[in-house]
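Colleague: any chance you could fold what I've pasted below:
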Amino acid sequence: MSEDPPSGSSDEHYAAVAARYEQSAFYDPASSYNRWLIPHVVAALGLEPASRFADLGGGTGAFTAALSEAAGLTTLPSVVEPSPLREQATARGLPGLDEDAATFAGSPGVADWDALLLKEVVHHLSLGAFPEICLGLARRLSAHGRLVTITRPVEPDYPLFSAAKIVWRMNQPPASRYVSALEAAGLEVEEQEHAFRFEIPREEWFTLVRNRFWSTFSAFSDEQLEAGIRELEERYKDPILSFEDRLVFLVAKHAGP
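Modeller: Prediction:
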């Protein structure tokens, strides 16, 4: 299994999809999916009105802002985002930091955050560098702070064509690899799984794939995507696709006395 995403693919992907990023139900803060997800994340982070919160890899800041509103935060959360999506976060009035997770983790601040979120971004980070990142993030957590990592299973339930499944597996390490690094940084980790049942028109899913709404699809040319969609058309005949989105939450905090 590859420990690193393809070189340069992440920034290039998000630069290409920035204009349509929130059109997907996965990233539209008003979608039923995100209305379901937001309370789970607020609870996992332990957000309270006075919490100091940073969203690492927070993209456009739409989800960050929704979390802030749901928790009634009195201080604006920060969006740590190295890609062009950050510009949309700052346009929302959120403080934006032009840093990746490793740079943020290595910054000199100590115990300055009550909640840190890594939502669907760890597969973009080198597993080799992740233990050092965890050490830095643990140092930046307040005494009762929480670091929540949200990832997905190696074998998802999504309607992916065969080549896309291979790319997914290559870039989706098992959650246990992250747990080991978090525990080595002196954090206690609770693993949770939450699942949402999607029902989406088949043609809408195909449009999302064509638009490369996940970085998984950035590995393919237009011609390869169309070949993959033809494979899916043969496999899925019903006009409505039904599948589960299974999210793995790793809730980490400083070990108690």
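
Colleague: count the residues that sit near the closest residue to residue 54 other than its chain neighbours.
Modeller: Spatial nearest neighbour of residue 54, excluding adjacent residues (CB to CB, 6 or more residues apart in numbering): residue 78 at 4.4 Å. All C-beta atoms are positioned from the backbone trio N, CA, C, and that covers glycine. For residue 78, the neighbour count with other CB atoms under 10 Å is 23.

Colleague: list the helices and strands whichever strand or helix holds residue 64 packs on?
Modeller: According to DSSP states H and E, residue 64 maps onto helix 62-71. Judged by 3 or more CB pairs under 8 Å, 6 or more residues apart in numbering; DSSP states H and E, helix 62-71 is in contact with helix 32-45, strand 53-56.

Colleague: show residues contacting that helix.
Modeller: Residues outside helix 62-71 that contact it (CB atoms under 8 Å, 6 or more residues apart in numbering) are 22, 27-29, 34, 38-39, 41-42, 45, 47-49, 51, 53, 55, 58, 73, 76-77, 79, 88-89, 92, 94, 117, 119.

Colleague: buried among the residues you listed? Make that a ChimeraX selection.
Modeller: The buried residues among these can be selected in ChimeraX (16 or more other CB atoms under 10 Å) with this line:
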select :22,27,29,34,38,41,42,45,47,51,53,55,58,73,77,79,88,89,94,117,119
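
Colleague: all strands for the chain, in order.
Modeller: In the chain, the segments counted as strands under DSSP state E are 53-56, 78-80, 96-97, 113-119, 141-151, 187-201, 240-254.

Colleague: before we move on, the earlier item: for the residue nearest to residue 54, report the pLDDT, please.
Modeller: Note on residue 78: pLDDT of 97.

Colleague: wait, it touches residue 98, no?
Modeller: No. Counting by CB atoms under 8 Å, residue 78 stays clear of residue 98, with 11.3 Å between them.

Colleague: tell me which of the strands of the chain sits most buried.
Modeller: Greatest average neighbour count among the strands of the chain goes to strand 78-80 (a mean of 26), per mean count of other CB atoms under 10 Å.

Colleague: counting neighbours, which bits of stretch 125-135 end up buried?
Modeller: 125, 127, 130, 133, 134, 135.

Colleague: let me see the mean pLDDT of that stretch.
Modeller: The model assigns stretch 125-135 a mean pLDDT of 93.

Colleague: same check, this time on stretch 226-243
Modeller: In this model, stretch 226-243 has an average pLDDT of 97.

Colleague: give me the contact list for it.
Modeller: Residues from elsewhere that reach stretch 226-243 (CB under 8 Å, 6+ apart): 157-159, 161-164, 197-203, 205-206, 209-210, 220.

Colleague: return the subset of those lying in helices.
Modeller: Using DSSP state H, the subset of the contacts of stretch 226-243 located in helices is 162, 163, 164, 202, 203, 205, 206, 209, 210.

Colleague: out of those, which is nearest to residue 139?
Modeller: Using CB to CB, residue 164 is the member of the ones in helices among the contacts of stretch 226-243 that lies nearest residue 139, at 37.4 Å.

Colleague: tell me how many other residues crowd the closest one.
Modeller: 22.

Colleague: returning to that earlier point: list just the nearest of the buried residues of stretch 125-135 to residue 216.
Modeller: Of the buried residues of stretch 125-135, the one sitting nearest to residue 216 (CB to CB) turns out to be residue 125, at 15.8 Å.

Colleague: ok, now which ones touch the residue lying closest to the closest one once chain neighbours are set aside?
Modeller: Distance criterion CB to CB, 6+ apart; nearest residue to residue 125, sequence neighbours excluded, is residue 101 at 6.0 Å. Residues in contact with residue 101, defined by CB under 8 Å, 6+ apart, are 56, 57, 80, 118, 121, 125, 133, 137.

Colleague: can you count the residues close to the spatially closest residue to the second one that is not a sequence neighbour?
Modeller: The one in question is residue 57. Among residues not flanking residue 57 along the chain, residue 121 sits closest, at 3.3 Å (CB to CB, 6+ apart). Neighbourhood size, residue 121 [other CB under 10 Å]: 21.
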